[in-house]
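Colleague: what's the 3D shape of this:
(2 chains)
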Number of protein chains: 2
Amino acid sequence: MSDKRLTPLAASLPASVPFVGPETQERAAGRAFTARLGANESVFGPSPKAIEAMQRAAAETWMYPDPTAHDLRLAVAAHHGVTPDTVILGEGIDGLLGYLVRLFVAPGDAVVTSAGAYPTFNYHVAGFGGELHMVPYTGDKEDPKALIAKAKETKAKLIYFANPDNPMGSYWPAADVQAMIEAVPEGTLLVLDEAYIENAPQGTAPALDTADPRVIRMRTFSKAYGLAGARVGYAVGHPDVIAAFDRVRNHFGLARISQAGALAALADQGYLRQTLDQVAQSRARIVEIAEENGLKPLPSGTNFVAIDCGRDGDFARDVLANLLKEGIFVRMPFVAPQDRCIRVSCGPEAETRLFAEALPRALETARS
Amino acid sequence: MSDKRLTPLAASLPASVPFVGPETQERAAGRAFTARLGANESVFGPSPKAIEAMQRAAAETWMYPDPTAHDLRLAVAAHHGVTPDTVILGEGIDGLLGYLVRLFVAPGDAVVTSAGAYPTFNYHVAGFGGELHMVPYTGDKEDPKALIAKAKETKAKLIYFANPDNPMGSYWPAADVQAMIEAVPEGTLLVLDEAYIENAPQGTAPALDTADPRVIRMRTFSKAYGLAGARVGYAVGHPDVIAAFDRVRNHFGLARISQAGALAALADQGYLRQTLDQVAQSRARIVEIAEENGLKPLPSGTNFVAIDCGRDGDFARDVLANLLKEGIFVRMPFVAPQDRCIRVSCGPEAETRLFAEALPRALETARS
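Modeller: Alright, predicted model coming up:
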């Protein structure tokens, strides 16, 4: 029952959760997954130096975290060759998206995204009363021109665009993304979610230009850096846009250990390169597995592969359910026609082999 | 410069920060504090078992946290003898206060608190466009009757009341707090911040009654449990109030290591009792130090002592500045006449001794 004291907006919101965690599925099934390949985590783990840094920081947890995340902010800025006032850290990209929507979207304001794109962004837009306008994917890719056209038509405050994309793994080259930035209409801010950018081919990210107020770039330590559990994301953008976060954010929201882990992970670029190689090998292996089963893997610039199961969404949902029953945690796109695919995260050989073994049975059961 | 695309509400907000962290002060001074006694942290540290649990969890940080915080939620519920649907975990009480204000306070809605009470609550109210009404402290205590009267007068959506209080350390016995709960007007929710409740004398907290929709209780692992850096707070309340958080919260905001640390800390009640004894001894020592210097320590049910410096706010600010110059990190109330005090956190003998040595010099300089 809804509480009558809630604001009209809060009362109108569903008690929804953007993603059900694998732990909840495991508890429902009464057993643990044997291969955790559904959340696009880095199953290869973070840098051992990041683990050591977090272990050292554990004893300091009696102290509040630095609310300015000073050391990490400076390190991120130096890493990207930008000034610290163009970087803001937050509780994952999820947390930053919430603050960003709050800052820019008043009730009734238009926001543009792609049908089937990141649901947590949509959750925040709904949560602040924004009006979502969706454009379809084109050829399993988000469509920059359609997004821009829809933003012009609706006078949108924000456009959400992920490059590379989740859940499809597709990506646009930097030149196309830069052209999109140039086309952002006045009064609109482009939210460029680059959570997977480290896994993408060279030439996928346009140069960072923090003098440009039309775009804000979202990055994370959750994917390539293997620190999903630490909840550390960051945004890079124009200083005026970045400064606005300080008006609304939970200043002490970023755990002290998490800051220490991210700082050490960022410093260990050698380990990052090694992980990127492992991910690339695993991606190639998932492509092979898909093809061995007569399925079509889609090109991926991420740490996962979307596999076209060749029929409709009901069939793919069947395949997914069969894999889950075998203890293989994978996920899939929510929206047709992308929901003909399942989405498999990269991982070490042991996990990938379990997937390879289970997939033929999952397909056979779904077909019968 | 403010971005023109911000919502009118966001554009109206100052780029303020509720608290400047000690790290920022240390960087400005060019040296580290020798005694960190200003943030009411548990300088005694968390349970060694909590540290070990966090160190073990560090290697699992590649996994997202459980967004339901299932294990911790069940443990907290069992600890308090309530059902899990009456407990919500969040990124510190700060994070939970933000969500709560967002759920209940629409722009223009009235909210009641005490002048000089927790500024982060005020920050969130301003951040969602609420209209703050303040009542003064009475005898250095928050005034339950005045808060209730103001809530009736203004038809407030929320009343903020901390018991024990920060920054004064004062507290009301359970019977008075229960009487306040009974007097909460229809349409109002009492936010009972009990961050320091473990340090208070027996009989300070009314019994938890999760059938009562008039009050929500805020607790934390940041104070007595010594995990301020982990950012784990929780609220206990009526299931309808608690369920509403799922409409707006950052579901994946609570770091995986933090959940593991809080779970282990909660399980180690023996260590908690030991810490509470240490805090009580330190509190007695701070009282002695104050009296040795001719100052008046106020009664405290917390892990800190407010010391009346005997003159006005300017004098106390002078004393504070002198202590900071000597490397002693302490804070003080913001609002007169409470700002005649400085606020000193409990800590081990080494830190307390540094304070004892610096205080006479700080007073002498301020008097001259």
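Colleague: what parts of the stretch 151-300 of chain A come near chain B?
Modeller: Residues of the stretch 151-300 of chain A that fall close to chain B, judged by Cβ under 8 Å from any Cβ of the partner chain: A:157, A:187-189, A:213, A:222, A:226-231, A:238, A:240-241, A:243-244, A:246-248, A:250-258, A:261. (Glycine included, C-beta is placed from N, CA and C.)
Colleague: my guess is A:Cys341 contacts A:Ser300, does it?
Modeller: No - contact between A:Cys341 and A:Ser300 fails when scored by Cβ atoms under 8 Å: they sit 11.2 Å apart.
Colleague: what helix or strand is A:Met63 located in?
Modeller: Here A:Met63 sits in a region with no helix or strand, counting by DSSP states H and E.
Colleague: do the one 10 residues further on as well
Modeller: Taking DSSP H and E as the criterion, the element that holds A:Arg73 is helix A:70-80.
Colleague: what is the least confident helix or strand in chain A by mean pLDDT packed up against?
Modeller: The weakest-scoring helix or strand in chain A, judged by mean pLDDT, DSSP states H and E, is helix A:22-29 (a mean of 94). Where contact means 3 or more Cβ pairs under 8 Å, 6 or more residues apart in numbering or on different chains; DSSP states H and E, helix A:22-29 is packed against helix A:313-325, helix B:70-80.
Colleague: report the buried residues of it.
Modeller: Within helix A:22-29, the residues that count as buried by 16 or more other Cβ atoms under 10 Å in any protein chain shown are A:Pro22, A:Glu23, A:Glu26.
Colleague: over to stretch A:123-137?
Modeller: For stretch A:123-137, by 16+ other Cβ under 10 Å, it's A:123-135, A:137.
Colleague: please name the nearest non-neighbouring residue to A:Leu89.
Modeller: Nearest non-adjacent residue to A:Leu89, counting by Cβ to Cβ, 6 or more residues apart in numbering or on different chains: A:Ala69, 4.3 Å away.
Colleague: and the residue of the stretch 101-250 of chain A nearest chain B?
Modeller: A:Gly229 (3.1 Å; Cβ to the nearest Cβ).
Colleague: okay, the residue nearest the centre of chain A: pLDDT?
Modeller: Among the residues of chain A, the one closest to the centroid is A:Ala195, at 5.0 Å (Cα atoms, centre = their mean). We have a pLDDT of 98 for A:Ala195.
Colleague: isn't it right next to A:Ala162, touching?
Modeller: Yes - using Cβ under 8 Å, A:Ala195 is in contact with A:Ala162, at 7.1 Å.
Colleague: show me where the stretch 251-368 of chain A has its helices.
Modeller: Applying DSSP state H, counting those that start in this stretch to the stretch 251-368 of chain A gives helices spanning A:256-267, A:269-292, A:313-325, A:349-367.
Colleague: and the longest one, what other elements does it pack with?
Modeller: The one in question is helix A:269-292. So helix A:269-292, by 3+ Cβ pairs under 8 Å, 6+ apart, packs with strand A:296-297, strand A:304-308, helix A:349-367.
Colleague: need these in a markdown table with mean pLDDT and mean neighbour count, can you?
Modeller: Below are these laid out as a markdown table (pLDDT from 0 to 100; neighbours: other Cβ atoms under 10 Å in any protein chain shown):
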| stretch | mean pLDDT | mean neighbour count |
| --- | --- | --- |
| strand A:296-297 | 98 | 17 |
| strand A:304-308 | 98 | 26 |
| helix A:349-367 | 98 | 17 |
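Colleague: out of these, which gets nearest to B:Ala284?
Modeller: Proximity to B:Ala284 (Cβ to Cβ) singles out helix A:349-367 among those, at 56.5 Å.
Colleague: which helix or strand contains A:Tyr123?
Modeller: Using DSSP H and E, A:Tyr123 sits within helix A:119-127.
Colleague: what pairs with the next helix or strand after that helix, and is each one parallel or antiparallel?
Modeller: Next helix or strand after helix A:119-127 toward the C-terminus (DSSP H and E): strand A:131-135. If you go by DSSP bridges, strand A:131-135 pairs up with strand A:110-114 (parallel).
Colleague: tell me the angle the strand it pairs with makes with helix A:119-127.
Modeller: Relative orientation of strand A:110-114 and helix A:119-127, computed by axes from the mean of the first three to the mean of the last three Cα atoms, to 10 degrees: 160 degrees.
Colleague: just the residues contacting strand A:110-114, thanks.
Modeller: A:101, A:105, A:121-122, A:125, A:130-137, A:142-143, A:147, A:150-151, A:154-161 (Cβ atoms under 8 Å, 6 or more residues apart in numbering or on different chains).
Colleague: still on that earlier bit, buried ones from the residues of the stretch 151-300 of chain A next to chain B, can you make that a ChimeraX selection?
Modeller: The following ChimeraX selection, which keeps only the buried ones among these, applies the criterion 16+ other Cβ under 10 Å:
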select /A:157,188,189,213,222,226,227,228,229,230,231,238,240,241,243,244,246,247,248,250,251,252,253,254,255,256,257,258,261
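Colleague: narrow the residues of the stretch 151-300 of chain A next to chain B to those in helices?
Modeller: Per DSSP state H, helices hold the following members of those: A:Asp240, A:Val241, A:Ala243, A:Ala244, A:Arg256, A:Ile257, A:Ser258, A:Gly261.
Colleague: now, among the residues you listed, which is nearest to A:Gly116?
Modeller: Using Cβ to Cβ, A:Val241 comes nearest to A:Gly116 of those, at 26.8 Å.
Colleague: my guess is that closest one contacts B:Asp3. True?
Modeller: Yes - using Cβ under 8 Å, A:Val241 makes contact with B:Asp3 at a distance of 5.8 Å.
Colleague: before we move on, back to that, elements contacting whatever helix or strand comes next after the helix holding A:Arg73?
Modeller: Helices and strands here follow DSSP H and E; after helix A:70-80, the next one along the chain is strand A:87-90. Applying 3+ Cβ pairs under 8 Å, 6+ apart, one finds that strand A:87-90 contacts helix A:70-80, helix A:92-104, strand A:233-236.
Colleague: out of these, deepest packed?
Modeller: helix A:92-104 (a mean of 26; mean count of other Cβ atoms under 10 Å in any protein chain shown).
Colleague: for that helix, list the C-alpha coordinates in PDB.
Modeller: Below are the C-alpha coordinates for helix A:92-104, written out as PDB (Å, rounded to 0.1, in the frame of the first residue of the first chain):
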ATOM      1  CA  GLY A  92      28.800   4.200  -9.900                       C
ATOM      2  CA  ILE A  93      27.500   5.700 -13.200                       C
ATOM      3  CA  ASP A  94      24.100   4.700 -11.700                       C
ATOM      4  CA  GLY A  95      24.500   7.200  -8.900                       C
ATOM      5  CA  LEU A  96      25.900   9.900 -11.300                       C
ATOM      6  CA  LEU A  97      23.000   9.500 -13.700                       C
ATOM      7  CA  GLY A  98      20.600  10.000 -10.800                       C
ATOM      8  CA  TYR A  99      22.200  13.300  -9.900                       C
ATOM      9  CA  LEU A 100      22.400  14.400 -13.500                       C
ATOM     10  CA  VAL A 101      18.800  13.800 -14.200                       C
ATOM     11  CA  ARG A 102      17.900  15.600 -10.900                       C
ATOM     12  CA  LEU A 103      19.900  18.600 -12.000                       C
ATOM     13  CA  PHE A 104      18.600  18.900 -15.500                       C
END
